[in-house]
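Visitor: Pasting a predicted model and its sequence here:
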Amino acid sequence: MKTKVLLIYTGGTIGMVKDYETQTLKPFDFDNLLKQIPEISLIDCEIGFTSFKDPIDSSDMSSDHWVILAKMIEENYEQYDGFVILHGTDTMAYSASALSFMLNGLKKPIIFTGSQLPVGDLRTDAKENLITSIHFASLHENGRPKISEVCIYFEYKLFRANRTTKMSAENFDAFSSPDYPELGESGIHLVVHEHALRKEDSEQPFSINYAMNTELGLLKIFPGMQREFIESIMNSSNLKALIIEAFGSGNIFSFEWFKDLLRKKSQDGLIFIINTQCAAGMVELGRYETSEIFKEINAVSGYDLTTEASVCKTIHLLGQGISSHEFKILYETDLRGELSKK
Ligand code: ASN
């Protein structure tokens, strides 16, 4: 029996056309997208298609869209062996990370892909990305899908979604996974790096956790930041967690007013999550004197999480209505292969 893969179109450059009046790119409908890639019919698997009612530029994605996407997967989970999600590149790593936290007991591949140039463009990267994503999603071994996690496929490389970040607005080679090896690559052969794949607990049944809470903030610090700005961010209403992108291994300026503010806000219940603004490497609170304050207030360490995974993990865990103590324990635990510790 042929493997069945469902293609879900959400929008993004891959399906855009140029509006010649304004010279901007706009999403167009799914049938037109498929007409541009007749090669799809040559792939040796059965392909189903579905689409967002109104495809969007991924800059407009929100947690509501993640719910729609997860529902589409849930409704089709039993009928299909794998899923390929066509998505804009700008926020692909966010949506893919969010899905990785929402899906429990996943036993099938969910592969996000997109392109830097529209599918109708002569030099488009869309065809290779789409066709190879379908190939990866259809791989089977001993009657089971070979990959059972949420991935991003782009420009010959397969990545774990929640380890991936968009690092080029220009190159076809737009994504990287700075702290985790590639899961696979496409050359003359399709290669899967088995040792890097996530082994899903086979006992856990598939389910989706839709609970999310977006009352969080993200603060990237820089030398000489204004006190008023920091105070206004930390005092904003409806803020339950603040991710601070600190220097190096989690270091920050040591002004007394700043330390006092951290102490006060954390006593008031604000959860502080500390990430590094370095592209690679991890947070090590207490390694330098300049990160001692985070240890003192019992801040949560983001270790080597990408910004995208960190934001999505925060949204997911805030949605669970757990205590700050449980939040810290779960946040510092590897839930979906997103995090490593020394
Ligand atoms: N703005 C586009 C999007 O994310 C960029 C792309 O897909 N290359 O929807």
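Guide: Looks like it arrived, so ask away.

Visitor: quick one, phi/psi of residue 48?
Guide: phi -100, psi 160 (degrees, to the nearest 10).

Visitor: list the contacts for it?
Guide: Residue 48 makes contact with 4-7, 76, 79-80, according to Cβ atoms under 8 Å, 6 or more residues apart in numbering. Where you see a C-beta, it was placed from the backbone N, CA and C, and this is true even at glycine.

Visitor: Now with 10 Å, please.
Guide: 4-8, 76, 79-80, 83 (Cβ atoms under 10 Å, 6 or more residues apart in numbering).

Visitor: Helices of the stretch 101-250 of the chain, start to end?
Guide: 126-138, 227-234 (DSSP state H, counting those that start in this stretch).

Visitor: so which of those helices comes closest to the ligand?
Guide: Closest approach to the ligand among the helices of the stretch 101-250 of the chain is made by helix 126-138 (9.7 Å; Cβ to the nearest ligand atom).

Visitor: Counting neighbours, what do you get for the residue in the stretch 51-200 of the chain positioned nearest to the ligand?
Guide: Residue nearest to the ligand within the stretch 51-200 of the chain: residue 88 (2.0 Å; Cβ to the nearest ligand atom). For residue 88, the count of nearby residues is 24 (other Cβ atoms under 10 Å).

Visitor: right, and it touches residue 126 too?
Guide: No. In this structure, residue 88 is not within contact of residue 126 by Cβ atoms under 10 Å, at 12.0 Å.

Visitor: and residue 283, which of the three is it?
Guide: coil (DSSP: H, G, I helix; E, B strand; the rest coil).

Visitor: OK, contacts around it?
Guide: 246, 248-251, 273-276, 291, 294, 299-305, 341.

Visitor: Show me how to select, in ChimeraX, the buried members of those.
Guide: Of the contacts of residue 283, the buried ones go into a single ChimeraX selection, burial set by 16 or more other Cβ atoms under 10 Å:
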select :246,248,249,250,251,273,274,275,276,291,294,299,300,301,302,303,304,305
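
Visitor: just the contacts of residue 283 that are near the ligand?
Guide: Checked against the ligand using Cβ under 6 Å from any ligand atom, the contacts of residue 283 yield no neighbours at all.

Visitor: re the thing from before, list only buried entries from the contacts of residue 48.
Guide: For those, buried by 16+ other Cβ under 10 Å: 4-8, 80, 83.

Visitor: what's the farthest-apart pair in these?
Guide: Greatest spacing in the buried ones among the contacts of residue 48, by Cβ to Cβ: 4 and 8 (13.4 Å).

Visitor: which neighbours do these two share?
Guide: Listed as contacting both residue 4 and residue 8 by Cβ under 10 Å, 6+ apart are 48, 76.

Visitor: Distance of residue 58 relative to residue 65?
Guide: 9 Å (Cβ to Cβ, to the nearest Å).

Visitor: Can you tell me which of the buried ones among the contacts of residue 48 lies closest to the ligand?
Guide: For these, the nearest to the ligand is residue 8 (14.7 Å; Cβ to the nearest ligand atom).

Visitor: Find the helix or strand that that closest one is a member of.
Guide: For residue 8, the host element (DSSP states H and E) is strand 4-11.

Visitor: In its sheet, which strands sit next to whatever helix or strand comes next after that strand, and in what direction?
Guide: Counting by DSSP H and E, the next helix or strand C-terminal to strand 4-11 is strand 16-19. Note on strand 16-19: by DSSP bridges, its sheet partners are strand 24-27 (antiparallel).
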